[in-house]
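In: structure for the following, please:
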Amino acid sequence: MSYLLVKNATVIDGNGGEPQVGVSILVKDERIQQIGLNEDIEIPNEDVTTVDATGTYALPGLIDTHVHLMMEVGNLAKRLNEPFSLRFFHAKQYMERTIEAGVTTVRDAGGADLGVKTSVEQGLVVGPRMQISITPLTITGGHGDSWTLSGTNLNLGGYPGNPSGICDGVEEVRKKVREVLRAGADIIKVHATGGVLSPTDHPEFTQFSQEELRVMVEEATFRKGIKVMAHAQGAEGIKNAVRAGIHSIEHGIFLDDEAIELMLEHGTYLVPTLLAPVAVLESAEKDDAMPEYGIRKCREVIEQHQESIAKAYRAGVRIAMGTDAGVMAHGTNLRELGLMCQIGMSPMESIVATTKTAAECLGWDHIIGTLEVGKLADIVLTNTNPLDDIRSLEDPNHIVTVIQNGNIVKNLQTKSALNAVYA
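Out: Numbering: from 1, shown residues only. Here you go, the predicted structure:
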C-alpha cells in the first residue's frame, strides 16, 4: 500500500467547471482516494510521498484519441534502409515523448500491436495507456494500401501479430475483422475514404460500401462489443460510416449539413486532427520528408478542414481531441488544443475535449478523464494557466509533473524525469 499527496494545486478537473484553488489530491496505490480543499484532506499515519503543487494547475491525464506510435514521418530512403525491428526501439522514444507532454492515454489508430501495448502494461517501457486498432482496414489501392508504382510494398502490417489490413468485399471484410480481433485489437479502424498522404486516391474518394462498413460494426459488436473508428474525410464516406453505426469519425474534412445532422442523430464522435495538415505543410517547408502529392492535397483541403470542424462544433457534435501524431513528431500533441480554440472552442472546452470527452469516446470515462474519487490517478501539473494561455501547453517544459496510475513518471520540480515504477 502506498500513498501520494499532491498538495495545494489549482485544479481543473475535466468536467468544465471553474478551477478550484487550494486543492489537494490523496492517491492510494493507483487511484484517487480523496480530493478537496487542503484542510479537508485526511492524511494517513503512514509514509506519504508529497508533491508540492503550489503555483501549478492540476489537470486530469490528457488523452489523444488518434496517434500512430509505431511511426513518425521522415525520410523515406532512410526508412527503407533500416532494419525492420528498429521501428520498435523508435516507438519506445515516441511513447516517452508522449508521456513527457502530459498525454497519459492514447488510442492508436494503426501500427501498434499487442506486444507494444503489453510492454507498457508490464512496465518494460514508459508510455501512455493505450487502446490499439493494430492495422487499419482498407481496400486494394486505397488509403492505407502503401503499394507503390515501383512495386515496393510499404504496408506496416503482414507480420506476426499485425495482419495486413487490405480486404475487398463483404466476406473478406468479415474475415479481416476477425483476424484483427484475434490479434488483440481493442477497436477496429477502417479507412472509409481516401486520404491526404496516400498516393493513389483523394480525400473525397469513397472506400468500402455501406454494407461492408455495416459488417465491420456487426462483427466487432457481436463478437466483443468493440467499437469501430473511421478515417473519413469525404462527405459520402462520412455519411456511409455514420449510417453503418461507426463510433467515431476521424478527420472529417468535407462535412456537409447532412453528415453533421447524422452525427448528431447517432451520437457519433468527431476527432478533428487539425494538426495533421498543418504539420504536413510545416514539414514541407523544412525538408523533403513529405511526398509531393501529400503536400498538394494538404494545400487543397486545409481551409475546408478548419471550416468543417468549426461548423460541426457550432452544431454541437461531440468532439474528442486527436492529432494523428506520427504524421507530426510525437510529444507535440498538445498543439491541437490551440488549433481547436482557433475554430471557436474556448480553452476550457478544448481541455474537456482532451479529458472527459476523450475518455467517453474511448469508453473509459469510468476510470479516467476527470479528477474524481475512485478514478485512476492520472494527474498532470502545469506551471502555466492553460485557461489564460492554452498554447503554453505546447511546450513540454511547462508540464512539470506527470502522474500515471499513481506513479510519478515525470517531475521537473525534482529534476527526475521518467522515474516510473509500475505495479
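
In: use CA for all of it now, contacts and neighbours both
Out: Will do.

In: so residue 88 is in contact with residue 70, correct?
Out: Yes - counting by C-alpha atoms under 8 Å, residue 88 touches residue 70, with 6.8 Å between them.

In: this structure: helices as residue ranges?
Out: 76-80, 86-100, 114-121, 170-182, 210-224, 235-243, 257-266, 275-286, 292-315, 335-342, 347-353, 356-362 (DSSP state H).

In: got a markdown table for these, with mean neighbour count too?
Out: Formatted as a markdown table, these follow (neighbours: other C-alpha atoms under 10 Å):
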| stretch | mean neighbour count |
| --- | --- |
| helix 76-80 | 11 |
| helix 86-100 | 20 |
| helix 114-121 | 17 |
| helix 170-182 | 18 |
| helix 210-224 | 19 |
| helix 235-243 | 26 |
| helix 257-266 | 18 |
| helix 275-286 | 18 |
| helix 292-315 | 17 |
| helix 335-342 | 21 |
| helix 347-353 | 25 |
| helix 356-362 | 24 |
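
In: which of the ones you listed sits closest to residue 387?
Out: Residue 387 sits nearest to helix 347-353 of all those, at 5.4 Å, using C-alpha to C-alpha.

In: on contacts alone, who are the packing partners of the closest one?
Out: If contacts are counted by 3 or more C-alpha pairs under 8 Å, 6 or more residues apart in numbering; DSSP states H and E, helix 347-353 sits against helix 335-342.

In: tell me the mean pLDDT over the helix it packs on?
Out: Mean per-residue pLDDT for helix 335-342: 98.

In: go on, stretch 323-332?
Out: Stretch 323-332 comes out at a mean pLDDT of 97.

In: end to end on it, go ahead and measure it.
Out: One end of stretch 323-332 to the other measures 9 Å (C-alpha to C-alpha, to the nearest Å).

In: stretch 334-354 too?
Out: Using C-alpha to C-alpha, one end of stretch 334-354 lies 9 Å from the other.

In: what's the closest residue to residue 141 other than its chain neighbours in contact with, if anything?
Out: Excluding the flanking residues, the one nearest residue 141 by C-alpha to C-alpha, 6 or more residues apart in numbering is residue 200, at 6.6 Å. By C-alpha atoms under 8 Å, 6 or more residues apart in numbering, the residues touching residue 200 are 141-143.

In: please report phi then psi for residue 200.
Out: phi -120, psi 10 (degrees, to the nearest 10).

In: ok, it to residue 354 distance?
Out: In terms of C-alpha to C-alpha, residue 200 sits 33 Å off from residue 354.

In: please apply the same query to residue 274.
Out: 14 Å.

In: could you do residue 406 as well?
Out: Per C-alpha to C-alpha, residue 406 is found 20 Å from residue 354.

In: thinking again about what came up before, separate out the buried members of the contacts of residue 200.
Out: 141-143 (16 or more other C-alpha atoms under 10 Å).

In: what's the closest of the residues you listed to residue 51?
Out: Distances from residue 51 to those, taken as C-alpha to C-alpha, are shortest for residue 143 (46.7 Å).

In: who's in contact with that closest one?
Out: 191, 193-195, 197-201.

In: for those, pick the one with the most neighbours.
Out: Taking other C-alpha atoms under 10 Å as the neighbour criterion, residue 193 ranks highest of the contacts of residue 143 with 29 neighbours.

In: I'd guessed it sits against residue 206; true?
Out: Yes - Residue 193 lies in contact with residue 206 (C-alpha under 8 Å); the separation is 4.5 Å.

In: can you list residues touching both of the two?
Out: Residues touching both residue 193 and residue 206 (C-alpha under 8 Å, 6+ apart) are 234, 237.

In: pretty sure residue 144 sits against residue 136.
Out: Yes - between residue 144 and residue 136 there is a contact at 7.1 Å, judged by C-alpha under 8 Å.

In: got any residues that touch both of those two?
Out: Counting by C-alpha under 8 Å, 6+ apart, the contacts common to residue 144 and residue 136 are residue 191.

In: want to throw the buried ones among the contacts of residue 200 into JSON lines with distance to residue 254?
Out: As requested, these are arranged in JSON lines below (distance: C-alpha to C-alpha, whole Å):
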{"residue": "141", "distance to residue 254": "21"}
{"residue": "142", "distance to residue 254": "18"}
{"residue": "143", "distance to residue 254": "16"}
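
In: of those residues, closest to residue 263?
Out: Closest to residue 263, out of all of the buried ones among the contacts of residue 200 and judged by C-alpha to C-alpha, is residue 143, at 22.8 Å.

In: any idea where the strands of the stretch 51-200 of the chain begin and end?
Out: Using DSSP state E, counting those that start in this stretch, the strands found in the stretch 51-200 of the chain span residues 57-60, 62-67, 103-108, 129-132, 188-191.

In: now those strands in TSV, with mean pLDDT and distance to residue 401?
Out: As requested, the strands of the stretch 51-200 of the chain are exported to TSV (pLDDT from 0 to 100; distance: least, C-alpha to C-alpha, whole Å):
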stretch	mean pLDDT	distance to residue 401
strand 57-60	98	9
strand 62-67	98	12
strand 103-108	98	12
strand 129-132	98	17
strand 188-191	98	33
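
In: now distance to residue 339 too, for those, in JSON lines please.
Out: Listed next are the strands of the stretch 51-200 of the chain as JSON lines, based on distance: least, C-alpha to C-alpha, whole Å:
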{"stretch": "strand 57-60", "distance to residue 339": "19"}
{"stretch": "strand 62-67", "distance to residue 339": "14"}
{"stretch": "strand 103-108", "distance to residue 339": "17"}
{"stretch": "strand 129-132", "distance to residue 339": "24"}
{"stretch": "strand 188-191", "distance to residue 339": "24"}
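
In: so what's the residue count around residue 64?
Out: Residues near residue 64, counting by other C-alpha under 10 Å, number 30.

In: who's in contact with it?
Out: Shown in contact with residue 64 (C-alpha under 8 Å, 6+ apart): 103, 105-107, 321-323, 333, 354, 358.
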